[in-house]
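# sharing a model that was predicted from the sequence below.
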Amino acid sequence: MIVETLTSPVILFFVLGVFAALIKSDLAIPEAFAKAMSIYLMAAIGLKGGIEVAESGFTPDLAAAAVAGLGLSFLLPLLAFTLLTRIGKLGQIDAGAVAAHYGSVSVVTFVTAKEILTGQGLSPAGYMVAVLALMETPAIISGLLLARRGQPQRANAESSGLLHEVFANGSVVLLVGSFAIGLIAGKDGFEPVKPLFDTGFRGVLCLFLLDMGLIAARRLVQSKKLNARLVSLAIALPLINGTIGVAIGTFIGLDTASAAALGILAASASYIAVPAAMRMALPEADPGIYLSMSLGITFPFNIILGITLFSQLALMIG
Amino acid sequence: MIVETLTSPVILFFVLGVFAALIKSDLAIPEAFAKAMSIYLMAAIGLKGGIEVAESGFTPDLAAAAVAGLGLSFLLPLLAFTLLTRIGKLGQIDAGAVAAHYGSVSVVTFVTAKEILTGQGLSPAGYMVAVLALMETPAIISGLLLARRGQPQRANAESSGLLHEVFANGSVVLLVGSFAIGLIAGKDGFEPVKPLFDTGFRGVLCLFLLDMGLIAARRLVQSKKLNARLVSLAIALPLINGTIGVAIGTFIGLDTASAAALGILAASASYIAVPAAMRMALPEADPGIYLSMSLGITFPFNIILGITLFSQLALMIG
Amino acid sequence: MIVETLTSPVILFFVLGVFAALIKSDLAIPEAFAKAMSIYLMAAIGLKGGIEVAESGFTPDLAAAAVAGLGLSFLLPLLAFTLLTRIGKLGQIDAGAVAAHYGSVSVVTFVTAKEILTGQGLSPAGYMVAVLALMETPAIISGLLLARRGQPQRANAESSGLLHEVFANGSVVLLVGSFAIGLIAGKDGFEPVKPLFDTGFRGVLCLFLLDMGLIAARRLVQSKKLNARLVSLAIALPLINGTIGVAIGTFIGLDTASAAALGILAASASYIAVPAAMRMALPEADPGIYLSMSLGITFPFNIILGITLFSQLALMIG
Amino acid sequence: MIETVSRKRIEILVDTPLVPRLIKHARDVDISGWSLIHVDAGGGRDGAWQHDDVTGAAAKTIILMIASEAKAAALVDAIAPLLDSYRLLLTVGDVQVVRGERF
Amino acid sequence: MIETVSRKRIEILVDTPLVPRLIKHARDVDISGWSLIHVDAGGGRDGAWQHDDVTGAAAKTIILMIASEAKAAALVDAIAPLLDSYRLLLTVGDVQVVRGERF
Amino acid sequence: MIETVSRKRIEILVDTPLVPRLIKHARDVDISGWSLIHVDAGGGRDGAWQHDDVTGAAAKTIILMIASEAKAAALVDAIAPLLDSYRLLLTVGDVQVVRGERF
Ligand SMILES: Nc1ncnc2c1ncn2[C@@H]1O[C@H](COP(=O)(O)O)[C@@H](O)[C@H]1O
Ligand SMILES: Nc1ncnc2c1ncn2[C@@H]1O[C@H](COP(=O)(O)O)[C@@H](O)[C@H]1O
Ligand SMILES: Nc1ncnc2c1ncn2[C@@H]1O[C@H](COP(=O)(O)O)[C@@H](O)[C@H]1O
Ligand code: NA
Ligand code: NA
Ligand code: NA
């Protein structure tokens, strides 16, 4: 199965991006295009999730998965924080910031996992897109509470700004909004826009992963903030979080594919929404640490190994 | 019918954009991508119009619609100017600038209308794309004459620069050029490029309207130049112009769908070609007024209500 | 056949771009989008080439074409350099820089030729994509040797930087990488990403050639460095190189379509990889000369006439 | 020559997500306007970086402000404590402007 | 140290559609060159704005010109009447340049 | 008002492919950092140009560096010989910075 995964064009383009960055090629995807692709991918998976839920209806599974996702996003940072301070030797502020990243999720990791799982006949339920959106931001709150614990209360203005960031975050709005559009429009309403959002999807994912490979590997190469402890944690955290996610997903009765998807969500670390929020709310935290860990190590690890591992785990314990 | 319209993904994405801007989400579509989508949409409708005319041939209808469109673009600013000075209390220069916007047209409003009408079995004739191109720039001349009436003649250099702007305007060249390519290539020549320009069309329109919703609502929120009079006129002008357009279209014998389309063209206000021309030719006019009216109010009004209204009107009097 | 070529939408969009630039229209394609299209086109032809070779296997033809391509890229600059100094009256440095451009290739010319040839039932072999990649950079080395001949040896650092530029050049990495992905994934692996990379291909090529028409004609109009001698050479060089290319391709036993493609590669001049390399390695050379010749004259010449000429020649002597 | 007056040209290089914070400080000291210029790439104590839109957190922006000497001084005092934790680069230069009463 | 001379660094912030007009003025006073820098967003008396490429009318650009004191003064005189109607922001600063005879 | 010190603000306008070369020179004279600003278009002795991403060779970039007077002078000396062949535009101005020991 790992061989199958590694020879799919989607993953091969990621590997090409990593390779190009490592040989210091000047290959570059224009930023605006990369951003556009990420918007396209989010709109597309939001729509598809909404349509699937419009077909299947709201089920108890959905509610269970939503609660599990919210809980994971709130609580996983606690574990991460402990490991990051004890083993990683990070200070309170940096550890809180990094922990927030690991509680949140990576949309691209989820999308790639959905593609690979579906290619193996393991299609996660449509509502997992909603779970993805739910898991994006709660970890920001946990991470900040951890980073600021024991410190004098901040001004209200700032924390209201943060709440706004949590709920009005661009990718949350786009995911939830497209999900709602899919729900309202349903399968028939989707038909006319299907050629763009469905047919082109995998090809766009290839080009986007090419760019993510470039960005992740460049970040790793340019990073001056990583040491052996942090590198180990950036691999250990997805392994631990992913195992917890698969276990909980299986325990609450999700189908195998959705349990695998919950595991992959738990294992993934944010590198878009959370870094921006941390830069604003915790400017003292060092972006060199959290971006290098989540984007430079955990993201490639999940794409190349994690997705396969957690789907195998879900098949075993499912 | 209004319910049908409001639940189509195309409109729902527009509403999502408006919503995101109103809750001050940081959702943003990269500019370059938005511009690219507008170029794609113009090339696609130009091509399709040209192919349809290549099929149907040049008919008397086409000539009648072209003359009507030109006339409307030249003359509608007169009415608008009167209302803007009398009721809107604008000065001569600002009123002339705004009037030019309402005589010209919005390509996106037309494209959206074409999609919605076609979805209801009311497909406007292919030549309406040519009418769209014809209506884009004459209003610039009328608006300037109104704004400068009674003032000493300007230097020749400037007015020749303006004529150039009117004829060599990027969107006019692209629309007319793609129309001509469609005419030359015909249905068979179009076949190989059809997947991109036809199949993807509606999906791209969704993403583009998402962006237009963001831009229009942000413009409205940030505007400091609107008052109750101007807001009312930004709704009254499309109602009046659209009714005139539908009436003339029906009177000159266009089919119902094309008469509706002419009404929608008349009702729509430019927010791309004309603002740029006004900024150059009438730098004293306040862009805060004309952009807020045309983009912040008239555009969303037409997308959400106007298109449905004028197509109903065409059905009634047709 | 020239009429067929000139009425295909792909070429008509190029002509539209040239026209818009000549009438000084403000039509503009956002740079990031143009760059994105060029990345898409390279990934798509790389993939397709790789898949075709995966089907057909490595043949002696492939090896012969590769050797011929490499040889042409290394040696054509010698001829060009002689003509550029003798007839073009350029100094050693400028002549070396221009010669490098004519030894290298233009990806867009190749892609357009492939489309046009395929449309006429003359489909070049898949491995020609690999030949394209091989021909991109050797000419840089020849050009530099010619420009620096007789001058004191440069620092090693610089020439190692250049070797890196030659092998890690973005478009080479992307072409070769996508080719390899196509080889590994094969026809079945390609299936899921086919809608994007295959179906959309021609439409994207239209929009890209629209932009290339704008860029090439603007470059020509703004150029202050061209004289009659240089203009003549910018037409003579593709004629000579293309004839040599077709002859060699036929001689080494390539099929007609592939021999035509080799001719078109030889005739085409680089305007992406080589100018950047020359700006770095030969900053004293005047970019006004090499860009105006390769992009302003040779590129449009090949698109509009050269492709047809060399395919006719291949048919005649094939 | 038309009359000009001296004003300060303030340039602040800052991580894009922090821009709104700094603009709030500028408003607090009554600076009348600002303009944002995108920075493509750079390098400093932490090595080189390039802007990528995907993870916007690494993006940097220059905030350009023209202000009177008094307002410029007030702004510098207000943001000096942030220089380290926000990793700002702040420069103040002299320029001549026409119709300086605006600033 | 190599010899440098004093020149003026002129910065004009202007709505993008008006750029060609101002460049014409610069040419009229014989300024040898200019460079355009894109402005992403800003705020002033009329509130905040962001650049969007779709309605380019709201876009703003900085025109940067290096010129001798005399040419700079001539340019300022030429465009001073436009400052209000065009809503320009114009600053002139001092810089040192090498091979100043170009400007 | 908080204490500020004088530093040099160096601006180099250069063809984008040559940026790495100039940054190497800056590092050689121990300048601590730099920032790159994209130039959209311009005009000079050779006529006008616009940036296009397709043939990146015509792209231009501004390298912005803050440095001490001594380092600025060393940099100017180092790159003066390149001014012509590289077609650089180099200006040096004065600015005040807080915590100037960084530069
Ligand atoms: N003091 C200032 N410093 C820098 N930019 C300014 C300043 N005032 C205005 N601007 C810019 O000029 C634009 C128009 O300003 P205004 O004419 O005040 O509406 C603003 O949106 C800013 O981009
Ligand atoms: N006086 C100037 N002020 C600002 N930019 C200039 C000036 N002269 C030249 N430039 C820029 O430098 C580029 C090359 O100039 P040149 O070497 O004169 O062809 C121009 O295209 C402009 O972008
Ligand atoms: N001396 C400098 N001149 C110009 N930009 C600088 C300078 N030092 C730092 N920067 C910019 O500020 C960013 C952060 O610098 P640092 O805080 O040293 O890591 C760098 O990546 C550069 O973009
Ligand atoms: Na996670
Ligand atoms: Na109208
Ligand atoms: Na060649």
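Looks like it arrived, so ask away. Ligands and ions are numbered 1, 2, ... in the order given.
# for A:F201, list the residues it contacts.
When contacts are counted by CB atoms under 8 Å, 6 or more residues apart in numbering or on different chains, A:F201 is found next to A:41, A:44. Every C-beta, even on glycine, is put in place using the N, C-alpha and C of the backbone.
# which SS class is the residue most central in space within chain D?
Residue closest to the mean C-alpha point of chain D, counted by CA atoms, centre = their mean, is D:I12 at 2.9 Å. For D:I12, the assignment made with DSSP: H, G, I helix; E, B strand; the rest coil gives strand.
# against D:V97, how distant is it?
19 Å (CB to CB, to the nearest Å).
# can you tell me the residue of chain A closest to chain F?
A:P30 (6.6 Å; CB to the nearest CB).
# tell me the average confidence for the helix or strand harbouring A:L72?
In the assignment (DSSP states H and E), A:L72 maps to helix A:60-86. The average pLDDT for helix A:60-86 rounds to 97.
# tell me which strands whichever helix or strand D:S6 is part of pairs with, and in which orientation.
Secondary-structure element containing D:S6, defined by DSSP H and E: strand D:4-15. Taking DSSP bridges as the criterion, strand D:4-15 pairs within the sheet with strand D:60-67 (antiparallel), strand D:89-98 (antiparallel).
# low-confidence stretches in chain D?
Scanning chain D for pLDDT under 70 picks out D:1, D:52-54, D:57.
# quick one, strands of the stretch 101-250 of chain A?
Counting by DSSP state E, counting those that start in this stretch, one finds no strands in the stretch 101-250 of chain A.
# what does the stretch 1-150 of chain A have sitting close to chain B?
By CB under 8 Å from any CB of the partner chain, the part of the stretch 1-150 of chain A that sits against chain B consists of A:30-33, A:35-36, A:39-40, A:43, A:47.
# if we use 10 Å, what do you get?
A:30-40, A:42-44, A:46-47 (CB under 10 Å from any CB of the partner chain).
# and which of these is nearest to chain E?
Among those, A:A32 lies closest to chain E (CB to the nearest CB), at 9.6 Å.
# which pLDDT does the model give the closest one?
In this prediction, A:A32 carries a pLDDT score of 88.
# could you report the neighbour count for the closest residue to chain F within chain D?
Closest residue of chain D to chain F, CB to the nearest CB: D:G44 (3.5 Å). Neighbourhood size, D:G44 [other CB atoms under 10 Å in any protein chain shown]: 15.
# thought it was touching D:L89?
Yes - using CB atoms under 10 Å, D:G44 is in contact with D:L89, at 8.3 Å.
# and for those two, which residues touch both?
D:13, F:33, F:35, F:102 (CB atoms under 10 Å, 6 or more residues apart in numbering or on different chains).
# just checking, what packs against the host helix or strand of the third one?
The secondary structure element spanning F:S35 is strand F:34-39 (assigned by DSSP H and E). Here strand F:34-39 touches strand D:34-39, strand D:41-44, strand D:47-50, strand D:60-67, strand E:34-39, strand F:4-15, helix F:19-28, strand F:60-67, going by 3 or more CB pairs under 10 Å, 6 or more residues apart in numbering or on different chains; DSSP states H and E.
# measure A:A100 to A:V246 for me?
Going from A:A100 to A:V246 by CB to CB gives 22 Å.
# for the two, indicate the residue with more neighbours.
Comparing A:A100 with A:V246 by other CB under 10 Å, the one with more neighbours is A:A100, at 37 against 30.
# that one is in what secondary structure piece?
Per DSSP H and E: helix A:92-103 holds A:A100.
# related to what we said a few turns ago, what comes up buried for the strand holding D:S6?
For strand D:4-15, a neighbour-count test (16 or more other CB atoms under 10 Å in any protein chain shown) marks D:4, D:7-15 as buried.
# ligand 3: which of the residues you listed is nearest?
D:L13 (5.4 Å; CB to the nearest ligand atom).
# just checking, that closest one touches D:H38?
No - counting by CB under 10 Å, D:L13 stays clear of D:H38, with 11.3 Å between them.
# between these two, what contacts are shared?
With CB under 10 Å, 6+ apart, D:L13 and D:H38 have common neighbours D:60-62.
# return the residues in contact with the nearest residue to A:L196 once chain neighbours are set aside.
Setting aside the residues directly before and after it, A:L196 is nearest to B:G203 in space (CB to CB, 6 or more residues apart in numbering or on different chains), at 2.3 Å. Listed by CB under 10 Å, 6+ apart, the contact partners of B:G203 are A:40, A:43-44, A:47, A:192-200, B:9-10, B:13.
# out of those, the closest to A:A228 would be?
Nearest to A:A228 among those, counting by CB to CB, is A:Y40 at 38.2 Å.
# ok, how many other residues are close to that closest one?
Around A:Y40 there are 21 residues (other CB under 10 Å).
# so where does it fall, helix or strand?
Counting by DSSP H and E, A:Y40 is found in helix A:31-56.
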